[in-house]
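Asker: My questions concern the predicted model and sequence given below.
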Amino acid sequence: MRVLIYSYNYYPEPIGIAPLMTELAEGLVQRGHEVRVITGMPNYPQRQVYDEYRGKWYVTEERNGVTIQRSYVWVKPKPKLIDRLLLESSFVMSSFLQALKGWRPDVILLTVPPLPVCVPAALLGWFYSCPVVLNLQDILPDAAIHTGILKNKAMIRTFQALEKFAYHTAHTVSVITDGFIDNLTKKGVPAEKITCIPNWVDVNFIRPLAKQNNPFRSAYGLEDKFVVLYSGNIALTQGLETVVKAASQLRHIPEIVFVIVGESKALKKLHVHCEACGADNVLLLPFQPREKLPEMLAAADVGLIVQKSNVVSFNMPSKTQVLLASGRPIIASVPGDGTAARAVQQSGGGLVVDPENPAALADAVLELYNDQAKGEMLGQRGRQFALERYSFDQALNHYEALFAAVTSGSRSKVGAFTLDAEKTLADV
């Protein structure tokens, strides 16, 4: 098939949806499909267009058999709501023109967020007479309203209308966790229109490695330390201040070191908080090259997932699968009724503690420090769970089957596929 992937984020952006869509596109090419990707100029997580793409309106390139068609985005390093709207609007307009340059696709896979891209994707689906599969990585505007990012009532109504438009015009809605399904059906989306394909992890790339002679540990003087690692986005929904406060409560144990890896500008703010808390056992590091990700994860004794208490229950951090595959135990400081907590508990790969509770997080770290055999057992369970539930080959099989079903024009086939995917999750 010819597959058009419409994704605001893509390689070389290192975190979030970009690595997932990059792996999916290249995996489909390896299986004999033609793939072109409509995406923006890379700018995440720095929120600044990368140097080699700056000042350009359009760039078309090829990587590992995938045709990548990039277009201009208006982006500011510290975006307010109006800046976010301008960014999304710029991508909507510029990307549509790029999408018209190239072969006619058999199917369009649209990733959301951002939500406004449902408009050009729907137009493309009509223009090319092909189905649009809407891949929901988050449910907007619910998540933005819940966390206080979106407060303006007129804007809320506008985004709710866009959400209805997106669900109505999509042939199929693909969700990454069963926690999304109830939300969508309550909004009137037919159950037979929804399919669940969890995000994946490349279990051959992310795998358990020895802590001894680990280059990451050696580079940062961590050879004899108990390393508690957080790596990823540092934003409103994470609340990394909780991690810093927990670290300050454990500074009397010199062997325990907290390592936070993230975007440099965000780390500067966190550094101020570390000094205020006296957390001199926190090491702040910039993002590492993706090829070094396996050794960085292997350097940890514990991996962290952190969310604030006001995060919507269906939010599922993409790092969950990655940490499970690394074979290290997880401590999840997340809402107990949420999808992330349920995933960690079902995997048997970690501990769940109340969010924004530094004492609870510190106690969990101390528990695994004092019982490192337990940590090893949790890590092994998590790795096995990732192999069984989150392997890339399984996800690729699901997407191929879904694309085959929607291009055949048979809703019953999509419905059957949906039931199979839901059953897989129900079995977890």
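Answerer: That came in fine, so what should we check first? Numbering: from 1, shown residues only.

Asker: what's residue 338 sitting at in phi/psi?
Answerer: For residue 338, the backbone dihedrals (degrees, to the nearest 10) come out as phi -90, psi 170.

Asker: and it, how many residues sit next to it?
Answerer: Residues lying near residue 338 (other CB atoms under 10 Å) number 23. Backbone N, C-alpha and C define where each C-beta goes, glycine included.

Asker: So it sits against residue 315, correct?
Answerer: Yes. Residue 338 lies in contact with residue 315 (CB atoms under 8 Å); the separation is 6.5 Å.

Asker: what sits in contact with each of the two?
Answerer: The contact sets of residue 338 and residue 315 overlap at residue 307 (CB atoms under 8 Å, 6 or more residues apart in numbering).

Asker: Just give me the neighbour total for residue 359.
Answerer: Close neighbours of residue 359, defined as other CB under 10 Å, add up to 13.

Asker: same check, this time on residue 370
Answerer: Each residue near residue 370 was counted by other CB under 10 Å, and the total is 11.

Asker: Likewise for residue 394?
Answerer: Residue 394 has 17 neighbours, counted by other CB under 10 Å.

Asker: just residue 211 next, same as before
Answerer: For residue 211, the count of nearby residues is 16 (other CB under 10 Å).

Asker: cool, the one 3 residues further on as well?
Answerer: Other residues within reach of residue 214, judged by other CB under 10 Å, total 18.

Asker: pretty sure it contacts residue 300?
Answerer: No. With contact defined as CB under 8 Å, residue 214 and residue 300 do not form a contacting pair (9.6 Å).

Asker: looking at this, residue 14 is in a strand?
Answerer: No. The assignment for residue 14, made by DSSP: H, G, I helix; E, B strand; the rest coil, is coil rather than a strand.

Asker: And it, how close does it get to residue 297?
Answerer: Using CB to CB, to the nearest Å, we find residue 14 at a distance of 14 Å from residue 297.

Asker: for residue 10, same thing?
Answerer: 22 Å.

Asker: Ok, residue 97 next?
Answerer: Separation of residue 97 from residue 297 (CB to CB): 40 Å.

Asker: more crowded one of the two?
Answerer: Applying other CB under 10 Å to residue 97 and residue 297 shows that residue 297 carries more neighbours, namely 24 against 15.

Asker: what about residue 108, which helix or strand?
Answerer: Assigned by DSSP states H and E, residue 108 belongs to strand 107-112.

Asker: Let me see the mean pLDDT of that strand.
Answerer: Averaged across strand 107-112, the pLDDT comes to 96.

Asker: part of a helix, is residue 228?
Answerer: No. Counting by three-state DSSP, residue 228 is not part of a helix but strand.

Asker: Please report how far it lies from residue 263.
Answerer: Relative to residue 263, residue 228 is positioned 20 Å away (CB to CB).

Asker: next one: residue 55
Answerer: From residue 55 across to residue 263, the span is 22 Å (CB to CB).

Asker: and residue 54, how many neighbours does it have?
Answerer: When neighbours are counted by other CB under 10 Å, residue 54 registers 10.

Asker: How about residue 276?
Answerer: Residue 276: 12 neighbours (other CB under 10 Å).

Asker: now swap in the one 4 residues further on and tell me
Answerer: Other residues lying near residue 280 total 11 when counted by other CB under 10 Å.

Asker: What does it show for phi and psi?
Answerer: When read as degrees, to the nearest 10, the backbone of residue 280 gives phi -80, psi 0.

Asker: can you pull the pLDDT of residue 416?
Answerer: pLDDT recorded at residue 416 is 42.

Asker: One more: the one 5 residues further on?
Answerer: The confidence metric pLDDT takes the value 38 at residue 421.

Asker: Start the count at 13 instead of 1 going forward.
Answerer: With 13 as the first residue, the last one maps to residue 433.

Asker: Strands of the stretch 163-312 of the chain, residue ranges please.
Answerer: Secondary structure of the stretch 163-312 of the chain by DSSP state E, counting those that start in this stretch: the strands cover 184-187, 206-208, 238-243, 268-274, 294-298.

Asker: what lines up beside the third one in the sheet?
Answerer: Looking at strand 238-243 with DSSP bridges, its paired strands and their directions are strand 268-274 (parallel), strand 314-318 (parallel).

Asker: so where's the protein uncertain?
Answerer: For the chain, applying pLDDT under 70 flags the ranges 91, 159-161, 247-250, 324-326, 421-440.

Asker: Can you pull the domain assignment for it?
Answerer: Using automatic domain parsing, the domain parsing of the chain gives 14-212+403-433, 227-401.

Asker: so residue 334 sits in a helix?
Answerer: Yes. Applying three-state DSSP, one finds residue 334 inside a helix.

Asker: tell me the contacts of it?
Answerer: Counting by CB under 8 Å, 6+ apart, residue 334 touches 213, 218, 305, 309.

Asker: Which parts of the stretch 213-362 of the chain are helices?
Answerer: Secondary structure of the stretch 213-362 of the chain (DSSP state H, counting those that start in this stretch): helices at 227-231, 253-261, 276-289, 305-310, 331-338, 351-359.

Asker: List the buried residues of the shortest one.
Answerer: Taking 16 or more other CB atoms under 10 Å as the basis for neighbour counts, the residues of helix 227-231 that come out buried are 228, 229.

Asker: Phi first, then psi, for residue 51.
Answerer: phi -150, psi 170.

Asker: quick one: it and residue 81 touch, right?
Answerer: Yes. Taking CB under 8 Å as the definition, residue 51 is a contact partner of residue 81 at 7.3 Å.

Asker: circling back to that earlier point, so which of the domains of the chain is the most surrounded?
Answerer: Each of the domains of the chain was scored by mean neighbour count; the highest is domain 227-401, a mean of 20, by mean count of other CB atoms under 10 Å.

Asker: residues touching the closest residue to residue 126 other than its chain neighbours, list them.
Answerer: Spatial nearest neighbour of residue 126, excluding adjacent residues (CB to CB, 6 or more residues apart in numbering): residue 100 at 4.4 Å. By CB under 8 Å, 6+ apart, the contact list for residue 100 reads 126, 127, 128, 129.
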